[in-house]
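Trainee: fold the following.
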Amino acid sequence: MTSKNEPELDEFGGTIGQGQVRTIRAPWGPSTVTRVRKAVVADLRARDLAEQTIDESEIVVSELMTNAIRHARPLQDGCLRVRWKVRGEVVEIEVTDGGGESTPLPAPAAVWLTSGRGLRIVRSLAHEWGVGEDKGGQVVWAAMGGPSRRRAT
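Mentor: Presented below is the predicted three-dimensional model:
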């Protein structure tokens with residue numbers, strides 16, 4: 001519990017609802033997805049964003065992290081980097097991992113698949129999304145609430 005004069009921190013030590021950009025170095029593993037999702041949602045709620053944008057961001061960060069854990073390697077320090085930017089009503093989320101054997105693409109539509117729908121979900125919720133390279137890693141990003149300042153790839 002913080003006093004009224006102290007900013008509220010999330011479990012990763014970040015100040016909730018402050019600053020334009022937040023970054024979390026999340027330990028590699030499925031249990032981290034829930035923890036990061038909660039941190040993102042708490043931060044976005046503190047900014048009074050539209051509930052639809054918050055809900056979409058919650059799903060997208062979960063899907064991007066889950067895909068990275070299933071299909072890629074961790075960064076050299078054994079983590080994923082999760083970063084989000086808020087500009088007005090637009091939220092841009094990116095997840096950086098150590099790269100995988102292939103470039104992330106949405107799976108073809110198929111009724112009987114038990115997995116492989118993550119990027120199809122991201123594509124359906126995001127205003128735009130893309131894949132890029134970063135020092136030693138691969139970045140998958142998505143923008144909710146409107147267009148980002150990036151060019152979708």
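Trainee: what is the burial count for residue 75?
Mentor: 21 (other Cβ atoms under 10 Å). Quick note: C-beta positions are derived from backbone N, CA and C, even for glycine.
Trainee: nearest residue to it other than its sequence neighbours?
Mentor: Spatial nearest neighbour of residue 75, chain neighbours left out: residue 98 (5.0 Å); criterion: Cβ to Cβ, 6 or more residues apart in numbering.
Trainee: what's the burial count for residue 44?
Mentor: By other Cβ under 10 Å, neighbour count at residue 44 equals 27.
Trainee: what pLDDT does the model give residue 111?
Mentor: Reported pLDDT at residue 111 in the predicted model: 51.
Trainee: which residues touch the closest residue to residue 15 other than its chain neighbours?
Mentor: Excluding the flanking residues, the one nearest residue 15 by Cβ to Cβ, 6+ apart is residue 7, at 4.5 Å. Residue 7 is in contact with 15, 16, 18, counting by Cβ atoms under 8 Å, 6 or more residues apart in numbering.
Trainee: so residue 7: helix, strand or coil?
Mentor: Secondary structure for residue 7, judged by DSSP: H, G, I helix; E, B strand; the rest coil, is coil.
Trainee: residue 65 versus that one, what's the distance?
Mentor: 25 Å (Cβ to Cβ, to the nearest Å).
Trainee: just to revisit the earlier point, measure the residue nearest to residue 15 to residue 14 for me?
Mentor: Applying Cβ to Cβ to residue 7 and residue 14 gives a distance of 10 Å.
Trainee: same question, residue 136
Mentor: Counting by Cβ to Cβ, the gap from residue 136 to residue 14 is 23 Å.
Trainee: when these two are compared, which one has more neighbours?
Mentor: Neighbour count, other Cβ under 10 Å: between residue 136 and residue 14, residue 14 has more, with 18 against 12.
Trainee: which one is the more buried one nearest to, not counting chain neighbours?
Mentor: Closest residue to residue 14 apart from its sequence neighbours, by Cβ to Cβ, 6+ apart: residue 22 at 5.4 Å.
Trainee: you'd agree the one you found is in a strand?
Mentor: Yes. Judged by three-state DSSP, residue 22 forms part of a strand.
Trainee: what's the burial count for it?
Mentor: Neighbours around residue 22, by other Cβ under 10 Å: 22.
Trainee: identify the bridge partners of it.
Mentor: Going by DSSP bridges, residue 22 is paired in beta bridges with residue 84.
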